[in-house]
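Colleague: For reference, the sequence and a predicted model appear below.
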Amino acid sequence: MKKIAGLFVALLLVFGLLAGCVSQQGAGGNSNSSKDGKDEAGGGDGKIKIAVVPKLIGIPYFNASEKGAIQAGKDLGVEVIYTGPTEADAAQQVKVIEDLISQDVDVIAVAPNDAAALSPVLQKAKDKGIIVMDWDTPADQSLVELSVHQIDDEAYGRHIAKSLVEQMGTEEGEIAILTGGLAAANLNSWIDAAKKELEENYPGIKLVTDKIATDEKQQVAYQKTLDLIKSYPNLKGIMAFSTPAPLGAAQAIQEKGLQDKIAVVGTALPKDSAPFLEDGSLDVAILWEPDKLGYLTVALAKDLVDGKKPENGQNIDGVGEVEVWEDGKTVIMGPPTDFTKDNAKDYDF
Amino acid sequence: MKAFLKSKEMSVAVIILLLCIILAFISPVFLTADNLLDVVKGNAVLGILAIGMTLVIITGGIDVSVAAVTSAVCVVLGKTMMFLPDSPLTIVLIFVIAPLFGVLLGSINGILVAKIQIPAIVVTLGMMSIINGLVLYITNGQYLNSSNFPTVFLKFSNFSVFGISIIIWLFIITAALTWYILKYTLIGREVMAIGGNKESAVRVGINYSKVQIFVFSYMGFLAGIAAIAQTSYTKAVDPNGMLGLELMVIAAVVLGGANIMGGRGTIFGTILGVLLLGIIQNGLILAKIDTFWQKVFTGAIILIAVSYDHIQYKRSQKQLSKIEVEA
């Protein structure tokens, strides 16, 4: 009996492993199959292979950037492999990159879950002659040829703060900040920039409490916003960072009918926030366009293989003018996009 | 009355009462009906799941797949609602589909645990992984928001009876139903018997595997109900929105005085555990405590509650053995 039980457990674990693989290939495979039909006719030999590795696959944000990356592959005639872990986990990401190294790709562009954890495997890739770059989130800067940023963190944070004040319609009043997690580095740098903007230019704005963590979950953001509204009845504005947080905050505002009293500005995807933008419970969603980021990453990767470095003010087809910092490495895609009730429907992510 | 005062629920109730008194002084908003209803509404999903988990834990099992099962049912609900007509029949259908699908997943857990006798934690961990993977594969992580649902469902979510939201009613009905099952039905008494002493229970002829299959299926059933509550609460389906909730569920049950090794546990205690967790979360913001200290406070209050409860329990056990020795 015990033996059978043991066997079964083993089987179950194997099955679990397989299930993991299936979903990974399923999502990664889409990208390949969509290419196969069109471009693989010539056999695919000698074609530049560019691997784009997101933090994880299967969330709307990275699905959108996948679309952009694949599109760039088609437009530029390169093979794009878009694959990543199913969870935002550094160890799984290392495995994915190991696989890519053995597939002998030309470029690996990675959005690291943990920059330090990826350094050894990126070093290995570099030693094999693979060009390493990062996108979305910076990796170890000594290893990468290029670092593609969606946004200038400082400018983005300041822009969000400015938009909030604009939506509040007054330069005086109490506001609160919601964030995804207290330890998220990118969220923290945006929040710091936003705070700086308020301190320097809007002394009348008072932050009622330190940033409040919402665990990257809409229902938590919703509950915390309800609590905030109650404890600070004079609250005039909420800034919400991380994509689910603005939705939860807006839901609370919508339910309590406070659209005209409290302004909400946050970093959300337009498709998710459309119902809240519609009635003004969310005033503006501010984000970059993730599909363009995917596109830009592939375009710059191809240029690197061709031996071209990006230049400041260079115009990339399908993306627009990019900014390159003085180190010649850091590329900024451009200013953020404001999604409002008028334009949110035009986007498919 | 005396027995009640000494019962294990009492310690949690005392802590909750103290907390409420302190909070009422700090924040005038806390003791308003509006706020208290918000707290219960916000924790109804947690509560419904914790009630099911109480049964599982009483029999000495554990189910870490609850959050995953609930997400799966949410996704199924979301997907089917896109095709359902805008008529009251839809609500009826929802109440058929969700519990059925939950029971299906729960009974798979139950059968694996009871018939093949794999430890519950292994089965449910495997189940959790499989379901999470499948959910991600099917949805691709895509959100469904209120524009995907028929208006009748949105009306249902905002529906309230005697000023109390339908979501809270779901929680109340679930609690009452489960309490009744435990107290007055044969299967409920069998669950308690197994919890009390498994060996004796089996010897008097209680079918252990039947009881196990029942508790896991019932857990699945409640996960289905919880999925309805969750979808009504957020008016959206977020495939990743419940990750990690199983830990909160287990914490609530243990806070309510249940023994994680099995045996001890009551519905009333679990409800108190859920309320305690909810009030802490709510109170920390109302009391304007700094974000970083909130975690420290949460941990401290939980530790105090559990130690207080455990000290009481140990004391009563000591008295018990003394009498036995003397007799």
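Modeller: Here it is on my side, so go on. Residues are numbered from 1 along each chain as shown, chains lettered A, B, ... in the order given.

Colleague: OK, contacts around the residue sitting nearest the centre point of chain B?
Modeller: Ranked by distance to the mean C-alpha position of chain B (Cα atoms, centre = their mean), the top residue is B:Ala50 at 1.6 Å. Neighbouring residues of B:Ala50 by Cβ atoms under 8 Å, 6 or more residues apart in numbering or on different chains: B:Val249, B:Ala252, B:Val253, B:Gly256, B:Thr270, B:Gly273, B:Val274. For glycine as for every other residue, the C-beta is placed from the backbone atoms N, C-alpha and C.

Colleague: Farthest pair within these?
Modeller: Based on Cβ to Cβ, the longest span within the contacts of B:Ala50 runs between B:Val249 and B:Gly256 and measures 11.0 Å.

Colleague: A:Trp69 and A:Val52 touch, don't they?
Modeller: For the record, residue A:69 is Ala, not Trp. Yes: using Cβ atoms under 8 Å as the test, A:Ala69 is close enough to A:Val52 to be in contact (4.9 Å).

Colleague: which neighbours do the two share?
Modeller: Common contact partners of A:Ala69 and A:Val52 (Cβ under 8 Å, 6+ apart): A:Val80, A:Tyr82, A:Gly294, A:Thr297, A:Val298.

Colleague: Tell me which of these fall in strands.
Modeller: In this view, the shared contacts of A:Ala69 and A:Val52 that belong to strands under DSSP state E are A:Val80, A:Tyr82.

Colleague: just the shared contacts of A:Ala69 and A:Val52 now: which is nearest chain B?
Modeller: Taking Cβ to the nearest Cβ as the measure, chain B lies nearest A:Tyr82 of the shared contacts of A:Ala69 and A:Val52, at 13.0 Å.

Colleague: Touching, the closest one and A:Pro54? I think so.
Modeller: Yes: the pair formed by A:Tyr82 and A:Pro54 meets the contact definition of Cβ under 8 Å, at 7.3 Å.

Colleague: what sits in contact with each of these two?
Modeller: Jointly contacting A:Tyr82 and A:Pro54 under the rule Cβ under 8 Å, 6+ apart are A:Glu66.

Colleague: can you map out the helices along chain A?
Modeller: Listed in chain order, the helices of chain A (DSSP state H) span A:2-39, A:60-76, A:90-102, A:115-127, A:153-168, A:185-201, A:218-231, A:244-256, A:270-278, A:290-305.

Colleague: The residue nearest to the centre of chain B and A:Leu304, how far apart?
Modeller: With the distance defined as Cβ to Cβ, to the nearest Å, B:Ala50 ends up 54 Å from A:Leu304.

Colleague: and what of A:Ala285?
Modeller: Going from A:Ala285 to A:Leu304 by Cβ to Cβ gives 33 Å.

Colleague: Between these two, point out the one with more neighbours.
Modeller: Here A:Ala285 and A:Leu304 are set side by side on neighbour count (other Cβ atoms under 10 Å in any protein chain shown), and the busier one is A:Ala285, at 29 against 21.

Colleague: can you pull the pLDDT of the more buried one?
Modeller: We have a pLDDT of 93 for A:Ala285.

Colleague: what's the answer for B:Val215, then?
Modeller: On pLDDT, B:Val215 comes in at 93.

Colleague: so where do the strands sit in chain B?
Modeller: Using DSSP E, the strands of chain B run over residues B:160-161, B:164-165.
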